[in-house]
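Chemist: fold the following.
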Amino acid sequence: MPSLETALRDAAAELAAAGVPSPRVDAELLAAHLLGESVGRVKALAFTDAAAPEGYAELVAERARRIPLQHLTGKAYFRRLELAVGPGVFVPRPETETVAQLAIDHALVVPAPARVADLGTGSGAIAGSVAAEVPGAQVVAVELSPLALAWARRNLEPLGVLVLEGDLRTALAGQEGTFDVVASNPPYIPAGAVPNEPEAADHDPAMALYGGGEDGMELPDAAARTAARLLKPGGYFVMEHAEVQAGTIAERLAADPAWQDVASHNDLNDRPRATSAVRSATPTTLPDVKE
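Modeler: The predicted structure is shown next:
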């Protein structure tokens with residue numbers, strides 16, 4: 001077996017040639033996964049005569065084919081959570097941490113216990129973060145995809161989150177006006193668009209990507225209507241979306257009497273990727289929803 005340092009160097013070169021955005025980091029994470037060690041420990045071992053782990057070259061080759069790193073290791077890190085992920089579920093992105101933070105901030109200031117709903121939970125990143133960081137919160141996560149639902153239950157049930165199979169358009173019928181916070185990272189990619197990264201285009205489920213309609217706005221609009229139905233007056237709604245949708249979403253929410261205090265929020269890369277609003281006291285005129 002080659003030395004660990006040689007293997008890491010060769011792996012980083014192979015991954016860079018394949019267009020992987022962070023080749024050295026991925027090389028170290030794959031080695032850490034096989035060794036059962038932290039990345040810091042891998043870096044320390046690379047200064048010794050330690051050998052590369054068995055199967056390392058094969059795992060690197062899979063990553064070079066742009067199979068998501070998280071599918072190869074079986075886990076994704078999000079805020080304080082280590083989430084189990086794999087084929088059939090959207091891999092959580094760092095930019096969604098902004099949405100989770102906004103939901104957490106508002107759940108922390110309402111009278112306990114805060115009731116929080118996560119519409120289209122996927123792996124459970126937002127719901128899990130709220131459950132882990134808001135003491136006593138009563139968190140409900142809704143997911144339609146059977147595959148994603150299985151991952152969500154694996155990640156969320158140990159945290160005390162109620163995970164329900166359901167469509168975000170009709171979610172939680174009968175619980176109107178009972179939630180303090182509703183968060184959502186719905187599918188929002190327009191029908192004709194293709195994600196830039198092969199990891200997303202080839203491996204993220206289409207059901208988690210495409211929002212419906214040419215502009216991708218059908219499911220984001222539906223998430224906002226459901227949030228208006230579920231929230232108490234003064235309740236808080238926050239939703240992730242594409243950068244190009246920020247203006248449209250803000251305008252639609254501001255024009256709806258169900259909402260006030262509409263605000264746009266930038267992600268970690270300073271791009272407008274989330275919009276929030278506060279539920280007004282105006283009664284909703286939405287029709288009754290049946291599961």
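Chemist: residues touching Asp22, list them.
Modeler: That one is not Asp; residue 22 is Ser. Residues near Ser22 by CB atoms under 8 Å, 6 or more residues apart in numbering: none. Heads up, the C-betas are built off the backbone N, CA and C, glycines and all.
Chemist: repeat for the one 4 residues further on
Modeler: Contact analysis of Asp26 by CB under 8 Å, 6+ apart lists Ala11, Leu15, Val20, Arg63, Leu69.
Chemist: what would these look like in TSV with secondary structure?
Modeler: Below are these laid out as TSV (DSSP: H, G, I helix; E, B strand; the rest coil):
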residue	secondary structure
Ala11	helix
Leu15	helix
Val20	coil
Arg63	helix
Leu69	helix
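Chemist: strands of the stretch 1-150 of the chain, start to end?
Modeler: Assigned by DSSP state E, counting those that start in this stretch, the strands in the stretch 1-150 of the chain fall at 75-78, 81-84, 115-119, 138-143.
Chemist: what packs against the third one?
Modeler: Contact here means 3 or more CB pairs under 8 Å, 6 or more residues apart in numbering; DSSP states H and E; on that basis strand 115-119 packs against helix 125-133, strand 138-143, strand 179-184, helix 218-230.
Chemist: redo those as JSON lines? Include mean pLDDT, mean neighbour count and distance to Leu34.
Modeler: Output for these, formatted as JSON lines (pLDDT from 0 to 100; neighbours: other CB atoms under 10 Å; distance: least, CB to CB, whole Å):
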{"stretch": "helix 125-133", "mean pLDDT": "98", "mean neighbour count": "26", "distance to Leu34": "25"}
{"stretch": "strand 138-143", "mean pLDDT": "98", "mean neighbour count": "27", "distance to Leu34": "31"}
{"stretch": "strand 179-184", "mean pLDDT": "98", "mean neighbour count": "28", "distance to Leu34": "35"}
{"stretch": "helix 218-230", "mean pLDDT": "96", "mean neighbour count": "24", "distance to Leu34": "38"}
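Chemist: possible to save these as CSV with distance to Trp259?
Modeler: Converted to CSV, the helices and strands packed on strand 115-119 look like this (distance: least, CB to CB, whole Å):
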stretch, distance to Trp259
helix 125-133, 20
strand 138-143, 21
strand 179-184, 12
helix 218-230, 7
